[in-house]
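Peer 1: Pasting a predicted model and its sequence here:
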There are 2 protein chains.
Amino acid sequence: MSNQKQKILVVDDEADIVELIAYNLKREGYQVYTASNGQEAVTVAKKVMPDLIILDVMMPKMDGIEACRIMRAMPEFKSTFMVFLTARSEEYSEIAGFNVGADDYIAKPIKPRALLSRINAILRRNAQQEDQVENKLEIADLVIDREAFLVFRNGEKIVLAKKEFELLFLLASKPGKVYTREVILKNIWEDSVVVTNRTIDVHIRKLREKIGENYVATVKGVGYKFEVTE
Amino acid sequence: MSNQKQKILVVDDEADIVELIAYNLKREGYQVYTASNGQEAVTVAKKVMPDLIILDVMMPKMDGIEACRIMRAMPEFKSTFMVFLTARSEEYSEIAGFNVGADDYIAKPIKPRALLSRINAILRRNAQQEDQVENKLEIADLVIDREAFLVFRNGEKIVLAKKEFELLFLLASKPGKVYTREVILKNIWEDSVVVTNRTIDVHIRKLREKIGENYVATVKGVGYKFEVTE
DNA sequence: ATTGCTCATTAACAATTTATTAATATTAGA
DNA sequence: TCTAATATTAATAAATTGTTAATGAGCAAT
């Protein structure tokens, strides 16, 4: 587990509320970032990769629900916690109906004590799971660290682009198993997007270029697999 | 146990239903694939090798029962779970009567909560068995590994082309059983494609060349079978 | 705004492997 | 023995993957 401070992004158009929440969260030891609307939230979130996002439902430009939906569609936010702020308790059901993948709802007006205990609870739960999830793969002379997004070969650091990394991680997560292009696409590209057939090849090419030619094997007519040769 | 996401193939001609089910399964953490009729289902299933297939009973082109029957006849789907969707509860008995090897039935209209608990239950059961049921065939001095697409003879690795491998896997999945050319064609070639009679012979030839002459026996006038001679 | 990066994707084509056919030889079995 | 059914081989077709270079988006620094 990383011993970094956990990061929280607070999103609300009312500066007072942002400040109130941010103040309390900082006191609790979190690293706090802020945004004042949904659009900004997405931008900031991409950069800082927060562990949790607190979203006001009603905001100008882009509301919290839309922002949530957008981020949920991005693979990097798959496991990011998202919590809504709602002005009236009746809105709970409304939001729930949208089914955008919210993890909790917090009612306004904000009660700092209650807010903190909810947030703490969510992030503690998360932290516990974190340890169980295998984030590091050691295989052959490679160490693949999902948390740091880094690969080491004999201790030497290799920097991979995101797609290259995910490709390697996928293949290496079950060495020897052949992954068809279709399965690779589903896993790394996340529905809807359609890419040319050659796209995977090119990423494989670059991956091989960086980590060496003897880790990824082609099984013609079937797909690719992780296999150490020589 | 593999730490891969479990794969589910959802097959229904009604896009709404597919989407509803897919959405819920994805939220639950499954990798979801879709198809809109039985024919497509078979094609996709061959490529992605899902852990579970949810089949609507009534569909155009090829209905769920027929698709199930076809896949059940293929050795690679021997341990794949198949679940039917039925519009009316009375249909249960009907399907059961077909005896195609269904593992469960789910009634429409779909209730997401109920659906998920059923699916989870089936796959949890499966996950426990997973460790025991390797996707490997050990026969005579051969090890046929479908996941790695490799064959070992006395530990020595043999690389086969796709068609050769599938041919061997098919025959070896039931040693002694004679497979007619017709059956072989249905299993290994996509429907629609038509090939000359000699095509199979040539593949058999190459297969024998690679693994040795004493595994595949010809039954003149009928077909081929896996049989160790000498 | 401009420039210079990296990354993801695509297109075009090369290289390679695999699949199929056609032609001919061989064989098992009535 | 005779013949239909397979074997075998080599040539050709088809399919798949490899490779390179170009494009454009996004981002950060100037």
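Peer 2: Arrived safely. Predicted, not measured: the structure shown is a model, and the values here were computed from it. Residues are numbered from 1 along each chain as shown, chains lettered A, B, ... in the order given.
Peer 1: and residue A:217, helix, strand or coil?
Peer 2: strand (DSSP: H, G, I helix; E, B strand; the rest coil).
Peer 1: Quick check: nearest residue in space to it, chain neighbours excluded?
Peer 2: Once flanking residues are discounted, residue A:217 sits nearest to residue A:227: 4.3 Å by C-beta to C-beta, 6 or more residues apart in numbering or on different chains. (C-beta placed from N, C-alpha, C; glycine too.)
Peer 1: and the gap between that neighbour and DNA strand C?
Peer 2: Taking C-beta to the nearest atom of the strand, to the nearest Å as the measure, residue A:227 falls 14 Å from DNA strand C.
Peer 1: Hmm, residue A:176 and that residue touching each other?
Peer 2: Yes: look at residue A:227 against residue A:176 with C-beta atoms under 8 Å: they come within range, at 6.1 Å.
Peer 1: which residues sit in contact with the residue nearest to residue A:217?
Peer 2: Contact analysis of residue A:227 by C-beta atoms under 8 Å, 6 or more residues apart in numbering or on different chains lists A:175-176, A:215-217, B:148.
Peer 1: any chance of these in JSON lines, with neighbour count, pLDDT and distance to residue A:5 too?
Peer 2: Converted to JSON lines, the contacts of residue A:227 look like this (neighbours: other C-beta atoms under 10 Å in any protein chain shown; pLDDT from 0 to 100; distance: C-beta to C-beta, whole Å):
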{"residue": "A:175", "neighbour count": "15", "pLDDT": "91", "distance to residue A:5": "35"}
{"residue": "A:176", "neighbour count": "15", "pLDDT": "92", "distance to residue A:5": "39"}
{"residue": "A:215", "neighbour count": "22", "pLDDT": "96", "distance to residue A:5": "35"}
{"residue": "A:216", "neighbour count": "21", "pLDDT": "97", "distance to residue A:5": "37"}
{"residue": "A:217", "neighbour count": "19", "pLDDT": "97", "distance to residue A:5": "42"}
{"residue": "B:148", "neighbour count": "21", "pLDDT": "93", "distance to residue A:5": "43"}
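Peer 1: so which strand or helix has residue A:207?
Peer 2: Here residue A:207, judged by DSSP states H and E, is contained in helix A:198-211.
Peer 1: how close does the residue nearest to residue A:123 when sequence neighbours are not counted get to residue B:102?
Peer 2: Computed as C-beta to C-beta, 6+ apart, the closest residue to residue A:123 that is not its neighbour in sequence is residue A:6, at 5.6 Å. Separation of residue A:6 from residue B:102 (C-beta to C-beta, to the nearest Å): 46 Å.
Peer 1: Likewise for residue A:206?
Peer 2: Between residue A:206 and residue B:102 the computed distance is 45 Å (C-beta to C-beta).
Peer 1: neighbour-wise, which of the two wins?
Peer 2: Counted by other C-beta atoms under 10 Å in any protein chain shown, residue A:206 and residue B:102 do not tie: residue B:102 has more neighbours, with 20 against 15.
Peer 1: secondary structure class for that one?
Peer 2: Per three-state DSSP, residue B:102 ends up coil.
Peer 1: just so I have it, where are all the helices in chain A?
Peer 2: Using DSSP state H, the helices of chain A run over residues A:15-27, A:38-48, A:64-72, A:91-98, A:112-132, A:162-172, A:181-189, A:198-211.
Peer 1: what's the first one in contact with?
Peer 2: Contacts made with helix A:15-27 from outside it, assessed by C-beta under 8 Å, 6+ apart, are listed as A:8, A:10-12, A:32, A:34, A:36, A:54, A:56, A:85, A:108, A:110, A:112, A:115-116, A:119.
Peer 1: Endpoints of stretch A:106-119, how far apart?
Peer 2: End-to-end distance for stretch A:106-119: 10 Å, by C-alpha to C-alpha, to the nearest Å.
Peer 1: which of the residues in it are buried?
Peer 2: Residues of stretch A:106-119 classed as buried: A:106-108, A:110, A:115-116, A:118-119 (neighbour count, 16 or more other C-beta atoms under 10 Å in any protein chain shown).
Peer 1: how much space is there between the closest residue to residue A:141 other than its chain neighbours and chain B?
Peer 2: Leaving aside its sequence neighbours, residue A:141 sits nearest to residue A:154 (C-beta to C-beta, 6+ apart; 5.2 Å). Distance, residue A:154 to chain B, by C-beta to the nearest C-beta, to the nearest Å: 25 Å.
Peer 1: With residue A:185 instead?
Peer 2: Distance of residue A:185 to chain B, given as C-beta to the nearest C-beta: 10 Å.
Peer 1: So stretch A:33-42, near DNA strand D or not?
Peer 2: No: counting by C-beta under 7 Å from any atom of the strand, DNA strand D is not contacted by stretch A:33-42; separation bottoms out at 9.5 Å.
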